[in-house]
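Chemist: I would like to see how this sequence folds:
(one chain, ligands or ions: 3)
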Amino acid sequence: MHCSCCCGNNLDHCPTMVYQAFDQHEELFTGRCILVNGPVIVGAGPSGLAVGAGLHQQGVPFVILERADCIAALWQHNTYDRLKLHLPKQFCQLPYFPFPPDFPEYPSKYQFIEYLETYAKKFEISPRFNESVQSAKYDETCGLWRVRTVAGECEVEYICRWLVVATGENAEKVVPEFEGLDEFEGTVMHACDYRSGEAFEGKRVLVVGCGNSGMEVSLDLCHHNALPSMVVRSSVHILPREIGGKSTFELATALMKWLPLKVVDKILLVLASCILGNLEKYGIKRPTKGPLQLKNIKGKTPVLDIGALQKIKSGKIQIVPGIKKFTSGRVELVNGANLEIDSVILATGYCTNVPSWLKEESLFSKEGMPIRPFPEGWKGKAGVYAVGFTGRGLSGASFDAVRVAQDVGKIWNQETNHYASFLRSKMQ
Ligand SMILES: Cc1cc2nc3c(=O)[nH]c(=O)nc-3n(C[C@H](O)[C@H](O)[C@H](O)COP(=O)(O)OP(=O)(O)OC[C@H]3O[C@@H](n4cnc5c(N)ncnc54)[C@H](O)[C@@H]3O)c2cc1C
Ligand SMILES: NC(=O)C1=CN([C@@H]2O[C@H](COP(=O)(O)OP(=O)(O)OC[C@H]3O[C@@H](n4cnc5c(N)ncnc54)[C@H](OP(=O)(O)O)[C@@H]3O)[C@@H](O)[C@H]2O)C=CC1
Ligand SMILES: O=C(O)C(=O)Cc1c[nH]c2ccccc12
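Modeler: Ligands and ions are numbered 1, 2, ... in the order given. Next comes the predicted model:
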């Protein structure tokens, strides 16, 4: 590899670290090349920031590449105004720096974003914004990762020893195909573009999906005097957010220390049915597998109810079965019923985007999730790592981040000390 900057040196001697390089297939890469002394982290969400903090503490330099124009883009650009964390704060804070003591038990999204901004400042993390990673592959000939980004008109290639994938389980919206939806005349949006029900006052809104997003969007629509109908095409576990004034999640976590998961599920379901009653009469069936088991096997998060259920019981949120097709101002359901609707909100979930850019087979499956189950899924071959793909929200991301930062930091510091003593011995 030859340097393309003014010095004309080869790669080892270029002071500016800007090169022109050939990839493995000898095709000329015309953009800038940047050699990174340390890992490249893809994504400046909570996971990427937590890894950055761990590296900073050990004095390891790194680069964070972020496609958006800010940190925590999911939280800043793709969530509704009323969103609050639905797990208690001690399960959502990142490593090395707790939430401020005056934060409520369930911080709002604005408080969470404020915390993340402070976190980034505290650990001197300055991501490169508006740089979307297009591909990353390991170059066996030099034993380094080549990470290509597009930043506006420019293409850049980062060359590094370690690659940390922190692009999240919710990187892309899932938009299923529905017959006739293209001809539907009203507003159609994904839940990630929904901010508040203000614009929907008095409107009949079909909310497709009954995960935490579908439930909370429907509830928010009620708060704005809209008329939501929520599609429940299969089954869903709804749990109270709290049981006896204690977080259900915290209770489950405590019970799991002593009891098998299936037993904890049984306890949760007995308690939930005592508190919430039988939901079948409202059109809500429970899956045959328990809530924690289902989360573990399929990654399906149980709904932690913050008030939608009461609106379902009072008929303010109407439950409807699966969709057959849309026509201009209507939806036809699988039970043959026809509803007149003004708008559609697709609360149909998210997926990862890892398969679209990462060329690697030791760590991620074709679906873009770690091949090995938690807690083993964070480390692959040749210096690639995954953070935030555990299906365990922010606490899972923190768990991964600590391990990754320790692993990289250990090798980086060993090699740096080794190199420093080598230089010292040469100078003596
Ligand atoms: C509405 C909602 C509410 C949630 N509430 C909770 C909660 O209360 N508690 C909890 O524990 N979990 C919650 N979660 C789960 C949530 O995924 C995590 O809290 C958290 O955001 C995960 O952090 P992350 O950094 O792994 O991913 P993200 O926050 O998604 O960050 C990934 C970053 O990578 C960037 N990126 C993606 N692709 C590329 C690319 N190719 N190139 C460059 N950058 C890229 C994205 O722009 C993004 O900034 C919620 C999720 C949603 C959708
Ligand atoms: N306050 C908070 O902290 C919040 C947290 N979150 C988190 O964000 C993550 C994503 O949640 P969410 O956005 O709800 O996504 P989910 O993947 O949890 O839910 C998607 C929903 O869409 C339904 N669906 C998908 N395709 C279709 C279709 N073709 N027809 C009808 N229904 C369909 C699914 O039904 P089926 O099950 O039948 O496939 C499911 O009910 C979760 O981890 C969640 O916990 C979300 C909102 C708030
Ligand atoms: O909020 C989310 O999406 C999470 O992934 C947090 C979470 C991790 N494990 C759970 C089990 C039950 C409910 C929420 C979560």
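Chemist: for the most centrally placed residue in the chain, give its distance to residue 116.
Modeler: Nearest residue to the geometric centre of the chain (CA atoms, centre = their mean): residue 168, 3.3 Å. In this structure, residue 168 lies at 14 Å from residue 116, with CB to CB, to the nearest Å as the measure. C-beta here means a position set from N, CA and C on the backbone, and glycine is covered the same way.
Chemist: point out where the chain drops to low pLDDT.
Modeler: Regions of the chain meeting the criterion pLDDT under 70 cover residues 1-28.
Chemist: enumerate the residues of it near ligand 2.
Modeler: Among all residues of the chain, those adjacent to ligand 2 (criterion: CB under 6 Å from any ligand atom) are 83-86, 170, 176, 191, 208-214, 216, 231, 233-234, 301, 322-323, 347-350.
Chemist: ok, which stretches of this protein are helices?
Modeler: Taking DSSP state H to define them, one finds helices in the chain at 46-57, 73-77, 109-122, 212-223, 248-256, 261-276, 291-298, 308-313, 354-357, 393-427.
Chemist: number of nearby residues for the closest residue to residue 243 other than its chain neighbours?
Modeler: Leaving out its chain neighbours, the residue that sits closest to residue 243 by CB to CB, 6 or more residues apart in numbering is residue 271, at 5.4 Å. Residue 271 has 16 neighbouring residues, counting by other CB atoms under 10 Å.
Chemist: ditto for residue 394
Modeler: Taking other CB under 10 Å as the criterion, the count of residues near residue 394 is 19.
Chemist: distance of it from residue 382?
Modeler: Residue 394 sits 28 Å away from residue 382 when distances are taken as CB to CB.
Chemist: now residue 307
Modeler: Distance, residue 307 to residue 382, by CB to CB: 48 Å.
Chemist: show me which residues of the stretch 1-150 of the chain are close to ligand 1?
Modeler: Proximity of the stretch 1-150 of the chain to ligand 1 is assessed by CB under 6 Å from any ligand atom, with 42-48, 65-68, 72-74, 79, 83, 85-87, 92, 132-133 identified as the residues in range.
Chemist: now the buried members of those residues.
Modeler: The neighbour-count test (16 or more other CB atoms under 10 Å) applied to these identifies 42-48, 65-68, 72-74, 79, 83, 85-87, 92, 133 as buried.
Chemist: show me which of those neighbour ligand 3.
Modeler: Answer for those near ligand 3 (CB under 6 Å from any ligand atom): 86, 87.
Chemist: and residue 345, what are its bridge partners?
Modeler: In this entry, residue 345 is beta-bridged to residue 189, residue 207, by DSSP bridges.
Chemist: how about the residues of the chain near ligand 3?
Modeler: If contact is defined as CB under 6 Å from any ligand atom, the residues of the chain in contact with ligand 3 are 86, 87, 249, 295, 301, 302, 304, 392, 393.
Chemist: isn't the third one right up against residue 87?
Modeler: This points to residue 249. Yes: under the criterion of CB atoms under 8 Å, residue 249 lies in contact with residue 87, with a separation of 5.0 Å.
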